[in-house]
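> okay, sequence plus prediction incoming.
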Amino acid sequence: MRRAARYAKGVSNLLFSGSSGYSGVIFSKMKLALFALVLLAQERKPPDDVAFERDLVYGKGGGEELKLNLSRPKSAEGALPCVLVIHGGGWAGGHRAGHDEITWKLAKRGYVSATVGYRLAPRHRYPAAVEDVKCAVRYLRANAEKHGIDRDRLAAIGFSAGGHLSMMLGVMGKDDGLEGDGGSADQSSQVQCVVSFFGPANFLAKDLPETSQKILATFMGGTAEEKADDYKKASPVTYVSKGDAPMLLFQGTKDPLVPHSQALAMLDAMTAAGVPGRVELLPGAQHGWGGPEAARTEEATYAFLDLHLKKNK
């Protein structure tokens, strides 16, 4: 466990930025670190003023139960805004428990917060992950009274692949499809605010690195040439329109997996549609960051959520 704790400590320093690598030795170490985090997450206890529930079933996908972990301030009264936290891992790895601590931080700031699990590739390819996070939003709305949630104030934060899924929740309406049949079909799956940390926005971009193309092929079940229509439908930039959720996008300029042109493409689409928000480019940052920049982007995330979910309340 000492070795696991040592790995976990290294990753926990990047927890809020959600850093993860996908090539060679880095990927292997990150998978081990994430595994260690999951083990340690089962031992960590939430703050005394946070009510925390693990393994709540929010729906079904592909015959499997879909689960989330939920945090809420113990002393809160009435309906609170809710934030979903979506893990990364190339749509093929990661675990919701790695972000329990983020939900505790959000609960201490007056939010209900859920860290959401979803089906992973290659066993479950696109659109499984998209369908699942949409189902999670619908579940939280359908159970708003039970969990003390204001169903009109939901947000999503995501990291890497989770950033992609968060953006999809912000730009897709029910008529856009990919709803799946996981449950709570009468509820909306669209959120009112999005924060994406280095999430890809355009799967058809020509400047995606080879490593990223391979990750996408595993998730999508084929290459961009073979499945161009699906790649377009799986890209958040495809759906941006007036009235979509405000978005805050964080992106490093030396990210080896997600070029910062991805964030700029989303910015162009947001500008054309009049969607509010901003893009923050971090010069020299890669696929995740720690230290002062992690603390700064964390605080900027809270401020953005407060601005769009707590205004006029």
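Done, it's in. Numbering: from 1, shown residues only.
> can you pull out the strands in this structure?
50-61, 64-73, 80-86, 112-116, 149-159, 193-197, 247-252, 277-282 (DSSP state E).
> elements contacting the fourth one?
Put plainly, it is strand 112-116. Packing partners of strand 112-116 (3 or more C-beta pairs under 8 Å, 6 or more residues apart in numbering; DSSP states H and E): strand 64-73, strand 80-86, helix 100-108, helix 128-142. Where C-beta positions appear, they are placed from N, C-alpha and C, glycine not excepted.
> same check on the last one?
For strand 277-282, the contact count by 3+ C-beta pairs under 8 Å, 6+ apart identifies strand 247-252, helix 261-273, helix 291-309 as packing neighbours.
> please repeat the previous calculation with a cut-off of 7 Å.
strand 247-252, helix 261-273 (3 or more C-beta pairs under 7 Å, 6 or more residues apart in numbering; DSSP states H and E).
> with the third one instead?
Under the contact criterion of 3+ C-beta pairs under 7 Å, 6+ apart, strand 80-86 touches helix 100-108, strand 112-116, helix 128-142, strand 149-159, helix 161-171.
> name the nearest residue to the residue nearest to the spatial centre of the chain, sequence neighbours excluded.
For the chain, the residue nearest the mean C-alpha position is residue 158 (2.2 Å; C-alpha atoms, centre = their mean). Counting by C-beta to C-beta, 6 or more residues apart in numbering, residue 166 is the residue found nearest to residue 158 once chain neighbours are left out, at 3.3 Å.
> hang on, isn't the one you found packed against residue 154?
No - Residue 166 is not in contact with residue 154 according to C-beta atoms under 7 Å; the separation is 11.2 Å.
> name the residues contacting each of the two.
Common contacts of residue 166 and residue 154 (C-beta atoms under 7 Å, 6 or more residues apart in numbering): none found.
> neighbours of the residue nearest to residue 106 when sequence neighbours are not counted, just the number please.
The shortest distance from residue 106 to any non-neighbouring residue, by C-beta to C-beta, 6+ apart, is to residue 113 (3.9 Å). For residue 113, the neighbour count with other C-beta atoms under 10 Å is 30.
> kindly report the same for residue 295.
12.
> again with residue 200
Other residues near residue 200 come to 28 when the count uses other C-beta under 10 Å.
> contacting residues around it?
Residues counted as contacts of residue 200 (C-beta under 7 Å, 6+ apart) are 164, 258, 262.
> at 10 Å what do you get?
160-161, 163-164, 167, 208, 212, 215-216, 234-237, 255, 257-259, 262-263, 265-266 (C-beta atoms under 10 Å, 6 or more residues apart in numbering).
> please report how far it lies from residue 137.
The gap separating residue 200 from residue 137 is 20 Å, by C-beta to C-beta, to the nearest Å.
> residue 277 now?
Going from residue 277 to residue 137 by C-beta to C-beta gives 19 Å.
> who's more crowded, those two?
Between residue 277 and residue 137, counted using other C-beta under 10 Å, the more crowded position is residue 137 (24 against 21).
> the residue lying closest to residue 276 once chain neighbours are set aside and residue 228, how far apart?
For residue 276, ignoring the flanking residues on the chain, the nearest one in space by C-beta to C-beta, 6+ apart is residue 246 at 4.4 Å. In this view, residue 246 and residue 228 are 30 Å apart by C-beta to C-beta.
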